[in-house]
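> sequence unknown, structure follows:
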């Protein structure tokens, strides 16, 4: 893109998009520590003591994971021996504790789901810096600081289930989650559509949909609809918050909250290609004599549903700049019983597809 600047007059119109793209590239070139801000971010906190139980200030705590573009995020224990590492992407982490004069301590294979606070305490014993204590078979972590109830759908499950890659089809993977009867997706027969959900008696109008903690519901009516359709194939995880009366105040409602955690690039190239489709030839016809006698000419049904989707990700600069790109073409066409297309609009007569004159 060419940028032009006329010094004798106002800035040329081509300067604005060129400068905007330049600023975006510069911003993206830096590993942002706060990239995972929002309700989907996880955290690690805890207390560090010595063998006698006395707190240890000044201990360096490092959380490392392949999901972090900067690889390692660190903190230092305060005068009470406490530390907290916030805004972490969901993934597998290794937590290391080091302090001069003490043997280092390491906790491996720490799984962090979204919106989870992991408590990892450590006890350092006196020793040389070359000594290491590694824990790999610890008991599962329990979040003692959060009272919300969640259902997490990991990418392994989303890829394995033979269903459409839409948010509506993922409703069926959440226990007790109910969608309207006119929005039931059976084997991908419905296609992409906007639908609300209810769980444990919550209002469907209180449904909230988020992309990495950012709401994309519209503000008309009850504020639960959407005109922006997230590409669900790009999801690393999908988190469904259960309305229990203890939902985060950030949601502004006590209904079902569906949070799509998007994939990111990495230091290796990867990709996913998905295609699905159907048409009316694969659908049964339930036009009975009783319906015909009642005046029905056609019945409701699916004419066609298609979804072509591709996601690619990888490094531009290793450990510094990653990319993830997704491309999708989808659509659906349905037929409503006894409803026909009018070739000539805004006139008092119905003109069917064959061009003959119909009834007024």
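Noted; the coordinates are in hand. Since this is a predicted model, take the numbers as computed values, not measurements.

> Point to the helix or strand of the chain where mean pLDDT is at its lowest.
helix 15-28 (a mean of 48; mean pLDDT, DSSP states H and E).

> Check which helices and strands whatever helix or strand comes next after that one sits against.
Note on helix 15-28: by DSSP states H and E, the next helix or strand toward the C-terminus is strand 42-50. Judged by 3 or more C-beta pairs under 8 Å, 6 or more residues apart in numbering; DSSP states H and E, strand 42-50 is in contact with strand 82-88, strand 91-98, strand 104-112, strand 117-119, strand 122-124. (Each C-beta comes from the backbone N, C-alpha and C, glycine too.)

> Okay, helices next: where are they in this structure?
15-28, 155-160, 167-171, 289-293 (DSSP state H).

> wait, which of the helices and strands packed on strand 42-50 is closest to residue 318?
Closest approach to residue 318 among these (C-beta to C-beta): strand 91-98, 17.8 Å.

> Return the distance of that closest one from the chain's centre.
From the chain centre to the centre of strand 91-98 is a distance of 24 Å (C-alpha atoms, centre = their mean, to the nearest Å).

> Which elements pack onto that strand?
strand 42-50, strand 60-64, strand 104-112.

> And the pLDDT for the residue nearest to residue 332 when sequence neighbours are not counted?
Distances taken as C-beta to C-beta, 6 or more residues apart in numbering place residue 191 nearest to residue 332, at 3.5 Å, with adjacent residues excluded. On the pLDDT scale, residue 191 is placed at 78.

> From what I see, residue 191 and residue 303 are in contact.
No - assessed by C-beta atoms under 8 Å, residue 191 is found out of contact with residue 303, at 10.8 Å.

> pLDDT weak spots in the stretch 251-360 of the chain?
251-252, 353-360 (pLDDT under 70).

> run the last query once more with 90
For the stretch 251-360 of the chain, the stretches flagged by pLDDT under 90 are 251-268, 276-305, 318-320, 331-360.

> Okay, now the unreliable bits of the stretch 101-250 of the chain?
101-104, 108-118, 125-233, 235-250.

> So which residue is smack in the middle of this structure?
When C-alpha atoms, centre = their mean is applied to the chain, the residue found nearest the centroid is residue 260 (1.6 Å).

> measure that one to residue 60 for me?
The gap separating residue 260 from residue 60 is 35 Å, by C-beta to C-beta, to the nearest Å.

> what pairs with the longest strand along the chain, and is each one parallel or antiparallel?
Taking DSSP state E as the assignment, the strand of the chain that covers the most residues is strand 301-317. Partners of strand 301-317 in the sheet, by DSSP bridges, are strand 270-279 (antiparallel), strand 321-335 (antiparallel).

> buried stuff in that strand?
Buried residues in strand 301-317, defined by neighbour count with 16 or more other C-beta atoms under 10 Å: 301-302, 305, 307, 309-311, 313-315.

> which one of the helices and strands packed on strand 42-50 lies closest to residue 174?
strand 104-112 (20.1 Å).

> Mind listing the strands the closest one pairs with, and their directions?
In the sheet, strand 104-112 lines up against strand 91-98 (antiparallel), strand 132-135 (parallel) (DSSP bridges).

> Run through the residues that contact the residue lying closest to residue 184 once chain neighbours are set aside.
Among residues not flanking residue 184 along the chain, residue 190 sits closest, at 6.9 Å (C-beta to C-beta, 6+ apart). By C-beta atoms under 8 Å, 6 or more residues apart in numbering, the contact set of residue 190 is 164, 166, 168-169, 183-184, 305, 332.

> Next one: residue 190 relative to residue 332, how far apart?
According to C-beta to C-beta, residue 190 stands 7 Å off from residue 332.

> Likewise for residue 268?
Taken as C-beta to C-beta, the span from residue 268 to residue 332 is 35 Å.
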